[in-house]
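S.K.: can't give you the sequence, but here's the structure:
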């Protein structure tokens, strides 16, 4: 069966510091991969999605970037975090229609 | 652009009662999929049920069913015989041609004993 991992689970970072969140999927090949952000008490906002290695589409202009160095690995990065980057970051995968989500990373930027 | 509207920010239901969570959508595409996800306090998004725009029958999955009314652009989630563990945020979402999901703002469901 397929599983999706995200780490770290929680992260507290100072403003201006770099960021790297990792997501890996097991048990499937060539999945579509997605990064979402959820502000407190709100719905999810799609940040990036990827249909293959090295193929990244950005949905929202911001100081974040994404990379897909391997088929089942998706990385969310920032060179300098802003206060507004705080939130709950969720990675998801799909083959076909339904998206399945990882456990998420709670990021607090101070 | 696609849009999902969930008009109920919060709902309170007695245990064992049925509950309907409202969802309306807006899209000009003829081919789309509608999804419901549950988000407990742990934060993980759990897939519940899917309805394709060309599916003639309402989707069902255990205690979950989707009341799909295409002409009204409505995709309400019905939970039968509610349980305390059903307390969570519930999100409706739409995807066009199997691609990006657009989510509503969610409904917080509380099941009272």
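M.R.: Here it is on my side, so go on. Fair warning: this is a prediction, and the values are worked out from it, not measured in the lab.
S.K.: all contacts plus neighbour counts: C-alpha atoms, from now on.
M.R.: OK.
S.K.: quick check on residue 8: phi, psi?
M.R.: All of this is about chain A. For residue A:8, the backbone dihedrals are phi -80, psi 170 (criterion: degrees, to the nearest 10).
S.K.: neighbours of the nearest residue to it once chain neighbours are set aside, just the number please.
M.R.: Nearest residue to residue A:8, sequence neighbours excluded (C-alpha to C-alpha, 6 or more residues apart in numbering or on different chains): residue A:105, at 6.1 Å. Look at residue A:105: counted by other C-alpha atoms under 10 Å in any protein chain shown, it has 23 neighbours.
S.K.: against residue B:34, how distant is residue A:105?
M.R.: From residue A:105 over to residue B:34 the distance is 26 Å, taken as C-alpha to C-alpha, to the nearest Å.
S.K.: ok, back up a step: dump the residue contacts of the residue nearest to residue A:8.
M.R.: Residue A:105 makes contacts with A:6, A:7, A:8, A:9, A:10, A:11, A:21, A:88, A:89, A:90, as judged by C-alpha atoms under 8 Å, 6 or more residues apart in numbering or on different chains.
S.K.: what two of these have the greatest distance between them?
M.R.: For these, with distances taken as C-alpha to C-alpha, the pair at the greatest spread is A:11 and A:90 (13.5 Å).
S.K.: neighbour count: those two, which is higher?
M.R.: Taking other C-alpha under 10 Å, residue A:11 and residue A:90 do not tie; residue A:90 has more neighbours (26 against 14).
S.K.: tell me the secondary structure for the more buried one?
M.R.: strand (DSSP: H, G, I helix; E, B strand; the rest coil).
S.K.: quick check: it touching residue A:99?
M.R.: No. Shown here, residue A:90 and residue A:99 do not form a contact pair, counting by C-alpha atoms under 8 Å, at 11.4 Å.
S.K.: still on that earlier bit, identify the bridge partners of the residue nearest to residue A:8.
M.R.: Note on residue A:105: beta-bridge partners residue A:89, judged by DSSP bridges.
S.K.: count of residues packed around the spatially closest residue to residue A:85 that is not a sequence neighbour?
M.R.: Excluding the flanking residues, the one nearest residue A:85 by C-alpha to C-alpha, 6+ apart is residue A:109, at 6.8 Å. The number of residues packed near residue A:109 is 17, by other C-alpha under 10 Å.
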